[in-house]
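Novice: Starting from these lines, generate the structure:
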Amino acid sequence: MKYTLLIVLTILTFPSVGQEIEKIIFTSQQADEPPTKQGQPKYSFEFKRLAGDELSTSDFYEEGKRKKLNDKIAIDKDRIEKITEWKRQNKRTFTQSDLGLDITTLKTQANNYKLNFDLPTDLIVRVDSFQFCQTHKITKSISTGGEMLTVTLIFKDGQNQKYIFDSNDIGEDNFNLRNYILCYTLLADKIPIEVPGYGFFSKSKFTDMVLYYQKTVECEGYYYKEFIKKNPAMTSKDKIMMTGWNFIEYMGQRNKKE
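Specialist: Sure, this is the predicted structure:
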């Protein structure tokens with residue numbers, strides 16, 4: 001049985017001054033490939049404010065049946081305050097310190113991404129650059145089946161805002177990196193392993209996504225289109241086969257001209 005990933009994150013608006021998050025509801029459901037009428041079990045759990053500033057949970061539900069988690073899980077107020085401030089600032093640039101990553105960790109996983117250029121030691125994630133470059137990716141893909149996750153933050157005033165992540169976002173160049181950074185910062189390693197999809201907010205997955213960012217902002221697709229315009233004699237087959245294309249060499253020549 002094959003699964004891909006379909007993520008739907010529904011997040012009620014992060015609080016302004018005086019607002020408080022009262023509850024976080026998380027639901028998860030996998031889908032078969034090809035789809036079946038019965039489908040897969042639906043899982044859910046709730047982080048509740050029981051005492052103090054933290055939100056915690058000790059139970060989860062499988063198809064409505066309550067079950068105990070192996071361990072209590074809590075989200076502290078520091079995470080919520082950080083996200084609140086980032087939202088207020090409309091923060092779109094993130095340092096390694098913001099992300100809780102270091103260059104050693106990134107380099108350890110970098111081999112999976114075949115980067116054309118070395119990782120900068122002071123890597124900074126600029127989400128606007130990512131959103132631009134992913135529209136110029138050379139290849140696209142789409143998958144069926146998947147997994148659906150929904151996160152709902154409930155505030156006293158009832159305001160709401162949705163962040164949606166789909167299994168085809170990356171393949172179709174629609175992945176919203178900023179939303180993922182915000183959600184990861186709030187839920188990192190707080191999804192219990194008893195619930196499918198818990199790995200989407202793990203540090204390993206997050207590191208992969210930062211490396212995917214770095215690969216994307218190389219913007220090879222954008223420069224390949226530029227290369228095609230400079231070589232009008234290329235046939236349709238040449239363009240598909242990328243005949244004569246060497247990204248590193250092209251960028252070296254381009255930078256010299258500039």
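Novice: Could you measure from the most centrally placed residue in the chain over to Tyr213?
Specialist: Among the residues of the chain, the one closest to the centroid is Tyr180, at 3.8 Å (C-alpha atoms, centre = their mean). Tyr180 is 10 Å from Tyr213, where distance means C-beta to C-beta, to the nearest Å. Where C-beta positions appear, they are placed from N, C-alpha and C, glycine not excepted.
Novice: can I get the CA coordinates of the host helix or strand of Phe130 in CSV?
Specialist: For Phe130, the enclosing helix or strand under DSSP states H and E is helix 127-134. Coordinates of each C-alpha in helix 127-134 appear next as CSV, following Å, rounded to 0.1, in the frame of the first residue of the first chain:
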residue,chain,number,x,y,z
VAL,A,127,10.5,33.0,1.6
ASP,A,128,9.8,35.5,-1.1
SER,A,129,12.8,34.2,-3.1
PHE,A,130,11.5,30.7,-2.6
GLN,A,131,8.0,31.5,-3.8
PHE,A,132,9.4,33.1,-7.0
CYS,A,133,11.9,30.4,-7.8
GLN,A,134,9.6,27.5,-7.4
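Novice: burial count for Glu249?
Specialist: When neighbours are defined as other C-beta atoms under 10 Å, Glu249 has 10 of them.
Novice: element containing it?
Specialist: Assigned by DSSP H and E, Glu249 falls in helix 247-257.
Novice: which helices and strands does that helix pack with?
Specialist: Judged by 3 or more C-beta pairs under 8 Å, 6 or more residues apart in numbering; DSSP states H and E, the packing partners of helix 247-257 are helix 220-230.
Novice: Report the inter-axis angle for the helix it packs on versus helix 247-257.
Specialist: Per axes from the mean of the first three to the mean of the last three C-alpha atoms, to 10 degrees, the angle that helix 220-230 makes with helix 247-257 is 70 degrees.
Novice: Please report how far Thr207 lies from Lys114.
Specialist: Using C-beta to C-beta, one gets 16 Å for the distance from Thr207 to Lys114.
Novice: helices or strands up against the helix or strand that comes right after the helix holding Phe130?
Specialist: The helix or strand immediately downstream of helix 127-134 is strand 146-155, counting by DSSP H and E. With contacts defined as 3+ C-beta pairs under 8 Å, 6+ apart, the packing partners of strand 146-155 are strand 7-11, strand 21-31.
Novice: lowest-confidence stretch among these?
Specialist: Among the helices and strands packed on strand 146-155, strand 7-11 carries the lowest mean pLDDT, at a mean of 45.
Novice: Any stretches of the stretch 101-250 of the chain with poor pLDDT?
Specialist: 138-146, 247 (pLDDT under 70).
Novice: For the protein, identify the residue most remote from the centre.
Specialist: Max radial position in the chain (C-alpha atoms, centre = their mean) goes to Ala233, at 39.8 Å.
Novice: part of a strand, is that residue?
Specialist: No. Applying DSSP: H, G, I helix; E, B strand; the rest coil, one finds Ala233 to be coil, outside a strand.
Novice: That one: what's it in contact with?
Specialist: By C-beta atoms under 8 Å, 6 or more residues apart in numbering, no residues touch Ala233.
Novice: Any chance of the backbone angles for it?
Specialist: phi -80, psi -10 (degrees, to the nearest 10).
Novice: still on that earlier bit, using CSV, write down the CA coordinates of the helix holding Glu249.
Specialist: Taking Å, rounded to 0.1, in the frame of the first residue of the first chain, the C-alpha atoms of helix 247-257 are listed here in CSV:
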residue,chain,number,x,y,z
PHE,A,247,24.1,25.3,-14.8
ILE,A,248,27.3,25.9,-12.9
GLU,A,249,29.2,26.8,-16.1
TYR,A,250,26.4,29.1,-17.3
MET,A,251,26.2,31.0,-14.0
GLY,A,252,30.0,31.4,-14.0
GLN,A,253,29.9,33.0,-17.4
ARG,A,254,26.8,35.1,-16.6
ASN,A,255,28.4,36.5,-13.4
LYS,A,256,31.6,37.4,-15.3
LYS,A,257,29.6,39.4,-17.8
